[in-house]
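Participant: quick one, fold the following:
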Amino acid sequence: MRSTRRIRWAAIPLAATLVLAMTACTDQELAGYMPGFVSGAEPVTNHTKLITDFWVNSWIVLFAVGFIAWGLMLWSMVVYRRRKTDTGLPVQLRYNMPIEVFFTVVPLILILGFFAFTARDQAIIEKRFDNPEVTIQAFGKQWAWDFNYTNEDVYYSGIQVQPDLSPDAPQGAILPESLPTLYLPVGKTVEIQLNARDVIHSFWVIDFLYKKDMIPGKTNYMSIIPQREGTYAGKCAELCGEFHSQMLFQVKVVSQAEYDAYIESLREQGFEGQLGNEYDRVTNQANVVASATESK
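Facilitator: Okay, the predicted model is just below:
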């Protein structure tokens, strides 16, 4: 009775502390400190809330399991600790069928649950649009990016970001105007076709909470609806060579009018047509042909 009373009195302040901690959470904390979150604003894309919810709920389940496990461990240490009057070994517990079934079934349910929710969310995120309003073909190359605006038949060819060598620039600073930039219209269904010209790269827009590999000879797809205007940092997330850290870019989500104006500026600069596989550095010609056929 005395040990039960002690546990009860210890549980009350612990529960109260947890309740107070949860009610004091800011919106940023409730979103799991994920990048791109702005309180009261639209999610960056149509998938970011889904990804954030999965992240936060996974941690809630994992912490719940952790607290139960830690609580049982501490409870066992306190209640069944060795007393001065004890002699020999304590009574051993083995071949307890209910406990063994519990320790087998509960982890299995948790693993299957995580798998089911992961498969569900992945299917939603990976689903391609039947008729996307905007189609972009993105090429990763050592160490920059090319973007084909397929619908408008114009292109942008990027260069590796250039360091800012001005005397007052901090170490490692880059020239913002040298960043390859991808423009996307807000509120439109967008399909980005991902290709690589040389080695494996990875297309990662940090605030989109989503990245995907770019593999030579293979086309991967990213289907999104940008929902909030702004400028979002991007980078290659796959170690791809000496200047991998400088393989940066940015995505500007803009209004339809600003997007149209940008497309027209590319046309005026003479960047009409599409950049194809002719600039690839792949020696396996079968892969080049397969990639070209798949992208049609």
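Participant: and the strand or helix carrying Ala123, average pLDDT?
Facilitator: Using DSSP states H and E, Ala123 falls within helix 97-126. Across helix 97-126, the average pLDDT comes to 90.
Participant: could you do stretch 41-50 as well?
Facilitator: Across stretch 41-50, pLDDT averages out at 90.
Participant: and the helix or strand hosting Glu258, what does it pack onto?
Facilitator: Per DSSP H and E, Glu258 falls inside helix 256-268. Packing partners of helix 256-268 (3 or more CB pairs under 8 Å, 6 or more residues apart in numbering; DSSP states H and E): strand 154-157, strand 181-185. All C-beta atoms are positioned from the backbone trio N, CA, C, and that covers glycine.
Participant: mind putting those strands in TSV, mean neighbour count, mean pLDDT and distance to Gln171 included?
Facilitator: Conversion of the helices and strands packed on helix 256-268 to TSV gives the following (neighbours: other CB atoms under 10 Å; pLDDT from 0 to 100; distance: least, CB to CB, whole Å):
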stretch	mean neighbour count	mean pLDDT	distance to Gln171
strand 154-157	19	96	29
strand 181-185	20	97	24
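Participant: re the thing from before, can you name the next helix or strand after the helix holding Ala123?
Facilitator: Following helix 97-126 toward the C-terminus (DSSP H and E): strand 134-141.
Participant: tell me which strands whichever helix or strand comes after that next one pairs with, and in which orientation.
Facilitator: Heading C-terminal from strand 134-141, the first helix or strand you meet, by DSSP H and E, is strand 144-149. According to DSSP bridges, strand 144-149 forms sheet pairs with strand 134-141 (antiparallel), strand 154-157 (antiparallel).
Participant: determine which of these approaches Glu258 most closely.
Facilitator: strand 134-141 (13.6 Å; CB to CB).
Participant: pretty sure Phe129 contacts Ser223?
Facilitator: Yes. The pair Phe129 / Ser223 is scored as a contact, 5.3 Å apart, by CB atoms under 8 Å.
Participant: what residues are shared contacts of these two?
Facilitator: 189, 191 (CB atoms under 8 Å, 6 or more residues apart in numbering).
Participant: helices of this protein, residue ranges please.
Facilitator: 2-23, 27-30, 48-79, 97-126, 256-268, 285-294 (DSSP state H).
Participant: ok, now which ones touch the residue nearest to Val154 when sequence neighbours are not counted?
Facilitator: In space, and not counting its chain neighbours, Val154 is closest to Leu266: 4.3 Å by CB to CB, 6 or more residues apart in numbering. Contacts for Leu266 (CB under 8 Å, 6+ apart) come out as 149, 154-156, 272.
Participant: from the residues you listed, which two are the most distant?
Facilitator: Most distant of the contacts of Leu266, by CB to CB, are Tyr156 and Glu272, 11.6 Å apart.
Participant: of all the helices and strands packed on helix 256-268, which one comes closest to Gly66?
Facilitator: strand 181-185 (39.8 Å).
Participant: now that closest one against strand 134-141, angle please.
Facilitator: 160 degrees (axes from the mean of the first three to the mean of the last three CA atoms, to 10 degrees).
Participant: how about the residue lying closest to Thr231 once chain neighbours are set aside, what does it touch?
Facilitator: Ranked by CB to CB, 6+ apart and with sequence neighbours excluded, the top spatial neighbour of Thr231 is Lys252, at 5.2 Å. Going by CB under 8 Å, 6+ apart, Lys252 touches 181-184, 230-232.
Participant: looking at these, spot the one nearest Pro35.
Facilitator: Tyr232 (9.2 Å).
Participant: if I look at that closest one, how far off is Ile263?
Facilitator: 19 Å (CB to CB, to the nearest Å).
Participant: what's the answer for Asp121, then?
Facilitator: 33 Å.
Participant: what are the buried residues along stretch 87-97?
Facilitator: Using 16 or more other CB atoms under 10 Å as the burial criterion, none of the residues of stretch 87-97 qualify.
Participant: please apply the same query to stretch 142-160.
Facilitator: Neighbour counts over stretch 142-160 (16+ other CB under 10 Å) mark 142-150, 152, 154-156, 158, 160 as buried.
Participant: swap in stretch 235-249?
Facilitator: For stretch 235-249, by 16+ other CB under 10 Å, it's 235-238, 240, 244, 246-249.
Participant: centre of the chain to the edge, which residue is at the far end?
Facilitator: Relative to the centre of the chain, the most outlying C-alpha is that of Thr85, 56.8 Å out, by CA atoms, centre = their mean.
Participant: what pLDDT is listed against that residue?
Facilitator: 85.
Participant: equivalent analysis for the one 3 residues further on, please.
Facilitator: With respect to pLDDT, Gly88 scores 83.
Participant: same deal with the one 3 residues further on?
Facilitator: Looking at Val91, its pLDDT stands at 78.
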